[in-house]
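Participant: Give the three-dimensional model of this entry:
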Amino acid sequence: MSKLNILGLISLIGGVLLIGFQGLATFMGQEGDWKGLNLMDVFGEESFNWIDSIPLLYVKGAANYIAAMPLFILLFCIAALFFIFKMFLKD
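Facilitator: You can find the predicted model right below:
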């Protein structure tokens, strides 16, 4: 198993675990931090102030979108990228 496969599996498992925790929190009736968790929630909004200094509007929009998207979707996308890279790259 290659490093890209391992990284993809780790990211995929992380996304599944995050969905599991969100589902469990919803099932238990807790209104909490697991709902809609994103990178800005994890690292704090002050960590992403550098995005506002990006001069290209479409790059700034993409960076804001990635920082604000739900974390489990980001993990699934990262896993898919690792698996696609593995298909095209030889180890």
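Participant: biggest helix in the protein by residues?
Facilitator: Counting residues, the longest helix found in the chain (DSSP state H) is helix 3-27.
Participant: which is the next helix or strand following it?
Facilitator: Counting by DSSP states H and E, the next helix or strand C-terminal to helix 3-27 is helix 39-43.
Participant: Return the set of buried residues in that following helix.
Facilitator: Residues of helix 39-43 classed as buried by neighbour count (16 or more other CB atoms under 10 Å): 39, 40, 41. To be clear about C-beta, it is placed using only N, CA and C from the backbone, and glycine gets the same treatment.
Participant: and it, what other elements does it pack with?
Facilitator: helix 57-68, helix 71-88 (3 or more CB pairs under 8 Å, 6 or more residues apart in numbering; DSSP states H and E).
Participant: Contacts for the last one next, please.
Facilitator: Yep, that's helix 71-88 we're talking about. Identification of contacts with helix 71-88 by CB atoms under 8 Å, 6 or more residues apart in numbering yields 2, 4-5, 7-9, 11-12, 14-15, 18-19, 22, 37-39, 41-42, 66.
Participant: Make a PyMOL selection of whichever of those residues turn out to be buried.
Facilitator: In PyMOL, this line selects whichever of the contacts of helix 71-88 come out buried by 16+ other CB under 10 Å:
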select buried, resi 4+7+8+11+12+14+15+18+19+22+37+38+39+41
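Participant: so how far is the longest helix of the chain off the chain centroid?
Facilitator: 10 Å (CA atoms, centre = their mean, to the nearest Å).
Participant: quick one, that helix and helix 71-88 angle?
Facilitator: Helix 3-27 runs at 160 degrees relative to helix 71-88, counting by axes from the mean of the first three to the mean of the last three CA atoms, to 10 degrees.
Participant: any weak-confidence spans in this protein?
Facilitator: For the chain, applying pLDDT under 70 flags the ranges 31-35, 91.
Participant: And the residue nearest the centre of the protein?
Facilitator: residue 74 (2.6 Å; CA atoms, centre = their mean).
Participant: Next, count neighbours for the closest residue to residue 52 other than its chain neighbours.
Facilitator: Nearest residue to residue 52, sequence neighbours excluded (CB to CB, 6 or more residues apart in numbering): residue 60, at 7.3 Å. Around residue 60 there are 14 other residues, counting by other CB atoms under 10 Å.
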